[in-house]
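[1] A predicted structure for the sequence below; I have some questions about it.
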Amino acid sequence: MIKEDGLKNPKGMDLELPEGAVTVKDGTGESVTVVVKNFWNETANISAFHYVDDYTSRCDPRSLVPVGDKLEFEVSCFDGYSDFYLYLYFGEDGMAMEDCAECEIPKENSTSAAAFYLSLDCREVCETRSRCDLNRPQKPECEDDIFLVNSVGVTPFPFWPITITSQMGEYVDFKVTNPFLKSFTKMYIQLHDTWVGSSDCSGTGSMLPCDEESFRGYCLSHSKQTLVDLWFVNDVDLDREVDDADIPKCCESDYEDDEKGTVQYTFVIKCEPQCVEEDTRNRRVEEVDITLSGVEPQIEDPERLAHISRQNQLNLLQKQLQQQQEQLRQREDERQQQVNNLSNNNCSAKEYPCGLFDDMVQVCHYSTKRGYQTFCVSETDAEVLAFYPDDYCGPCTGGYSRKKKHLVL
């Protein structure tokens with residue numbers, strides 16, 4: 001029997017438990033579902049030791065869990081609580097350790113295994129969870145960090161559903177809150193879930209109003225941003241007649257979802273903060289001044305300054321300031337030109353027409369599962385191609401992409 005005090009602190013690897021990596025749902029007091037998401041940046045074997053009924057506890061080993069994927073454990077509880085022992089194994093050494101010593105406390109100096117002890121609250125919390133704060137913001141705290149680029153369906157979200165928790169340049173962590181308040185809602189999310197830019201879609205199951213789920217999206221290296229698609233499904237807040245978004249097959253949605261109202265929201269999230277505090281902004285201006293000073297005329301020493309009239313000193317300083325402003329203006333012009341180039345590259349229905357009235361545009365989209373495929377979409381929807389380096393306007397042409405050796409199907 002594993003002693004509780006043996007796992008009060010993480011054992012084995014020096015590893016943190018990321019926020020949102022372990023959550024609970026569907027608590028009844030007698031049982032609870034534990035959801036474990038792999039937020040540890042590499043594929044892991046995950047096992048757990050927990051109660052399965054009033055008298056029996058066991059080790060519950062699972063197969064390899066890729067980064068971003070999740071698995072669930074059904075845990076039996078006593079008086080509204082239960083203990084849960086989580087074990088993580090990484091790499092070939094971790095797999096070998098799990099095979100011969102699964103659900104055993106790893107050694108302190110382990111480099112391939114870690115364990116956490118968690119105490120679970122299994123009580124039913126429907127009243128608390130359904131009591132939503134109706135004064136939630138309608139817009140993000142920084143509108144340059146995240147913005148809506150497309151939606152399907154007419155029902156807007158009652159409050160802003162995404163909260164950024166960290167922006168690390170190469171990836172961004174965020175929470176999605178169910179914004180619909182009248183009923184259980186299913187949510188599906190598609191995002192970039194690996195470093196190489198491939199995307200994956202998954203569902204969360206039924207969510208109560210204001211329930212939250214945590215995610216990590218990886219960023220495009222050239223633009224430091226990532227694209228997130230959300231689908232919300234329910235038959236109370238949403239009307240199938242007008243909220244008729246289609247959920248992609250790769251999301252493996254439930255059959256009954258086809259009869260319910262569905263909305264889709266597409267967001268772009270920046271992976272580096274775009275809004276900074278005033279003191280931080282001042283420090284950045286100072287850093288720019290220091291950087292620019294390497295290419296600006298300098299006043300060489302204080303003694304020389306003494307022989308220059310005050311008016312000439314002011315003229316010299318004004319000239320330096322003008323040079324700084326001009327270089328900053330040039331940088332801003334270059335940034336704006338990049339934005340304009342992106343806008344000018346939008347796909348045009350006149351150039352690649354399709355649809356019943358030739359008012360839509362053909363685009364070629366690459367996915368790791370299906371290769372290159374031609375789609376007929378609206379010009380507005382085609383704007384998201386800017387975030388996929390392998391996609392382009394027009395039908396797929398066959399052969400290989402010029403940028404990467406991907407076979408066109």
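    Perfect, thanks for sending it.
[2] can you map out the helices along the stretch 51-200 of the chain?
    91-101, 126-130 (DSSP state H, counting those that start in this stretch).
[3] where among those is the average confidence lowest?
    Mean pLDDT is lowest for helix 126-130 among the helices of the stretch 51-200 of the chain, at a mean of 44.
[4] quick one: average pLDDT of stretch 40-50?
    For stretch 40-50, mean pLDDT is 89.
[5] how far out from the middle of the chain is that stretch?
    Offset of stretch 40-50 from its chain centre (C-alpha atoms, centre = their mean, to the nearest Å): 20 Å.
[6] now stretch 55-65
    The chain centroid and the centroid of stretch 55-65 are separated by 29 Å, computed with C-alpha atoms, centre = their mean.
[7] Repeat that for stretch 325-334.
    In terms of C-alpha atoms, centre = their mean, the centre of stretch 325-334 is set 32 Å apart from its chain centre.
[8] likewise stretch 223-230?
    Its chain's C-alpha centre and that of stretch 223-230 lie 7 Å apart, by C-alpha atoms, centre = their mean.
[9] Just the C-alphas of that stretch, formatted as CSV.
    In CSV, the C-alpha atoms belonging to stretch 223-230 read as follows (Å, rounded to 0.1, in the frame of the first residue of the first chain):
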residue,chain,number,x,y,z
SER,A,223,4.4,35.4,-37.2
LYS,A,224,4.4,34.4,-33.5
GLN,A,225,0.6,33.8,-33.5
THR,A,226,-1.7,30.8,-33.5
LEU,A,227,-5.2,30.1,-34.8
VAL,A,228,-7.9,28.6,-32.7
ASP,A,229,-11.4,27.4,-33.9
LEU,A,230,-14.2,26.9,-31.3
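[10] That one: which residues count as buried?
    Using 16 or more other C-beta atoms under 10 Å as the test for burial, stretch 223-230 gives Gln225, Thr226, Leu227, Val228, Asp229, Leu230. To be clear about C-beta, it is placed using only N, CA and C from the backbone, and glycine gets the same treatment.
[11] If you count neighbours, what's buried in stretch 229-247?
    Asp229, Leu230, Trp231, Phe232, Val233, Asn234, Asp235, Asp237, Leu238, Asp243, Ala245, Ile247.
[12] repeat for stretch 376-394
    Within stretch 376-394, the residues scored as buried using 16+ other C-beta under 10 Å are 376-377, 381-393.
[13] Identify those among those that sit within strands.
    Judged by DSSP state E, the subset of the buried residues of stretch 376-394 located in strands is Cys376, Val377, Tyr392, Cys393.
[14] farthest-separated two in the residues you listed?
    Greatest spatial distance among those (C-beta to C-beta): Cys376 and Tyr392, at 14.7 Å.
[15] hang on, the earlier thing: out of the buried residues of stretch 229-247, who's nearest Asp26?
    Asn234 (17.4 Å).
[16] wait, isn't the closest one in contact with Gly261?
    Yes - Asn234 is within contact range of Gly261, at 6.5 Å (criterion: C-beta atoms under 8 Å).
[17] related to what we said a few turns ago, now the ones in strands among the buried residues of stretch 376-394 in a markdown table, with pLDDT?
    Formatted as a markdown table, these follow (pLDDT from 0 to 100):
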| residue | pLDDT |
| --- | --- |
| Cys376 | 90 |
| Val377 | 86 |
| Tyr392 | 87 |
| Cys393 | 91 |
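[18] what does stretch 80-88 contact?
    Stretch 80-88 is contacted from outside by 2, 4, 7, 13, 15, 22, 29, 32, 34, 36, 40, 44-51, 73, 75-76, 94, 98, 102-103, 106, 113-123, using C-beta atoms under 8 Å, 6 or more residues apart in numbering.
[19] Just the buried residues out of those, in PyMOL syntax.
    To isolate the buried members of the contacts of stretch 80-88 in PyMOL, using 16+ other C-beta under 10 Å:
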select buried, resi 2+7+13+15+22+32+34+36+40+44+45+46+47+48+49+50+51+73+75+76+94+98+102+103+106+113+114+115+116+117+118+120+122
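[20] Mind checking which of the contacts of stretch 80-88 land in strands?
    22, 32, 34, 36, 44-51, 73, 75-76, 113-121.
[21] In strands only, show me the buried residues of stretch 229-247.
    Asp229, Leu230, Trp231, Phe232, Val233, Asn234.
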